[in-house]
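A.B. asks: Fold the following.
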Amino acid sequence: MNRSEFIAVTALILFGAFVLGWIASWLVHRVARPARADMSELDRMAQQLHEVEEERDEAVAALAEREAALTTRLAGTQAELRDAMDGLRDSRNEVEELRDYIEQALARR
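C.D. replies: Modelled structure (predicted):
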């Protein structure tokens, strides 16, 4: 086999490999390509996902708003409790002072 025949055989082998590769690629893309029904299903699923994400964002916002309201309410309730405890302490002190006064008044008699 001389040099020209070798080049021609090599060129044919390379061309054949190229054609086989192209055919294999075409078959893979043909088989792997989603059908139109699949594409519409994917579009529908994407739309549903978008809607669910919006609902989740709304729920998170509502939760944050509710949490802020409850935090404010808790702070107000704690302030009222503090005031009630201060009033109770003052009342106990006043009752104790009145008891002492009554005991002293009865002891003087």
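
A.B. asks: for this structure, what spans make up the helices?
C.D. replies: Here the chain has its helices, by DSSP state H, at 3-32, 36-108.

A.B. asks: TSV please, covering the ones you listed and showing mean neighbour count and mean pLDDT.
C.D. replies: C-beta here means a position set from N, CA and C on the backbone, and glycine is covered the same way. As requested, the helices of the chain are exported to TSV (neighbours: other Cβ atoms under 10 Å; pLDDT from 0 to 100):
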stretch	mean neighbour count	mean pLDDT
helix 3-32	10	93
helix 36-108	10	94
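
A.B. asks: I would like the residues contacting stretch 31-51, please.
C.D. replies: Applying Cβ atoms under 8 Å, 6 or more residues apart in numbering, stretch 31-51 has no contact partners.

A.B. asks: centre of the chain versus it, how much separation?
C.D. replies: 24 Å (Cα atoms, centre = their mean, to the nearest Å).

A.B. asks: Kindly report the same for stretch 15-23.
C.D. replies: Worked out by Cα atoms, centre = their mean, stretch 15-23 lies 50 Å from the chain centre.

A.B. asks: What lies in contact with it?
C.D. replies: So stretch 15-23 is in contact with no residue, going by Cβ under 8 Å, 6+ apart.

A.B. asks: Export only the CA atoms of it, formatted as CSV.
C.D. replies: Extracted as CSV, the C-alpha positions of stretch 15-23 are listed here (Å, rounded to 0.1, in the frame of the first residue of the first chain):
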residue,chain,number,x,y,z
PHE,A,15,-15.5,10.2,7.2
GLY,A,16,-17.3,6.9,8.1
ALA,A,17,-16.6,7.6,11.8
PHE,A,18,-18.0,11.2,11.4
VAL,A,19,-21.1,9.9,9.7
LEU,A,20,-21.7,7.2,12.3
GLY,A,21,-21.2,9.9,15.1
TRP,A,22,-23.6,12.2,13.4
ILE,A,23,-26.3,9.5,13.1
